[in-house]
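Student: coords please:
(chains A and B)
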Amino acid sequence: GEDVEQSLFLSVREGDSSVINCTYTDSSSTYLYWYKQEPGAGLQLLTYIFSNMDMKQDQRLTVLLNKKDKHLSLRIADTQTGDSAIYFCAERNRSGGGADGLTFGKGTHLIIQP
Amino acid sequence: EPEVTQTPSHQVTQMGQEVILRCVPISNHLYFYWYRQILGQKVEFLVSFYNNEISEKSEIFDDQFSVERPDGSNFTLKIRSTKLEDSAMYFCASSSTEFNYGYTFGSGTRLTVV
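Tutor: Numbers count the residues shown, from 1 in each chain, chains lettered A, B, ... in the order given. I've put the predicted structure just below:
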């Protein structure tokens, strides 16, 4: 079945770049997403990438997709204290049609050191 | 910015009782979803809803669960006879298109079954 894996924790110094990694198993994944969850809040869509793309950049965020290795990463440049949150990788398989559900990873806790 | 609103934020119920979790999706959205996250585990898809009927449901969404859009604004998840293992954070989400750009999630309802 589909599975999405992420490391549970990442600690970086303020001002450094953070790279959060994700692997997935479903080769028919068509859309891949990064969501951010701050304490007590819902899941906020940060960015997404289509499976026919290798890279997407949006301000401080860079998403890299390696389809061969089924590896997705999120790079946050110049990490700030406000970036402290849980980051979820998610994938979607369009094979069935209709409003398919997302498969999420467990989330990576990004910890910012001063 | 439009939001998905969930109420209550926290609900405590006795095992065997019925609970209704409420959601107000974004007004012009057409697709609605429920997800849950058991503490320390992944966010799991429960059900998607479009055009007043269920589009897709996961194995978790058994006969104890039901969804309803009773009027033009609310979207509810009912659990008929709660079990201890139903304790989780339940997230509602909505989207305007089938799925392309991800969803907007609510802040969640933390359900505790005692």
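
Student: Can you tell me the closest non-neighbouring residue to the most centrally placed residue in chain B?
Tutor: The residue lying closest to the centre of chain B (Cα atoms, centre = their mean) is B:Trp34, at 3.2 Å. Spatial nearest neighbour of B:Trp34, excluding adjacent residues (Cβ to Cβ, 6 or more residues apart in numbering or on different chains): B:Leu46 at 4.3 Å. Bear in mind the C-beta positions are built from the backbone N, C-alpha and C, glycine included.

Student: Can you give the contact residues for the strand or helix carrying that neighbour?
Tutor: Using DSSP states H and E, B:Leu46 falls within strand B:43-50. Strand B:43-50 is contacted from outside by A:43, A:88, A:90, A:98-104, A:107, B:30-38, B:54-58, B:60-61, B:65, B:67, B:69, B:75, B:77, B:91, using Cβ atoms under 8 Å, 6 or more residues apart in numbering or on different chains.

Student: What strands flank it, and is each parallel or antiparallel?
Tutor: strand B:31-37 (antiparallel), strand B:53-57 (antiparallel) (DSSP bridges).

Student: could you check whether the following helix or strand past the last one is close to chain A?
Tutor: Think strand B:53-57. Using DSSP H and E, the next helix or strand after strand B:53-57 towards the C-terminus is strand B:65-68. No - among the residues of strand B:65-68, none lie within reach of chain A under Cβ under 8 Å from any Cβ of the partner chain; the closest is 12.5 Å away.
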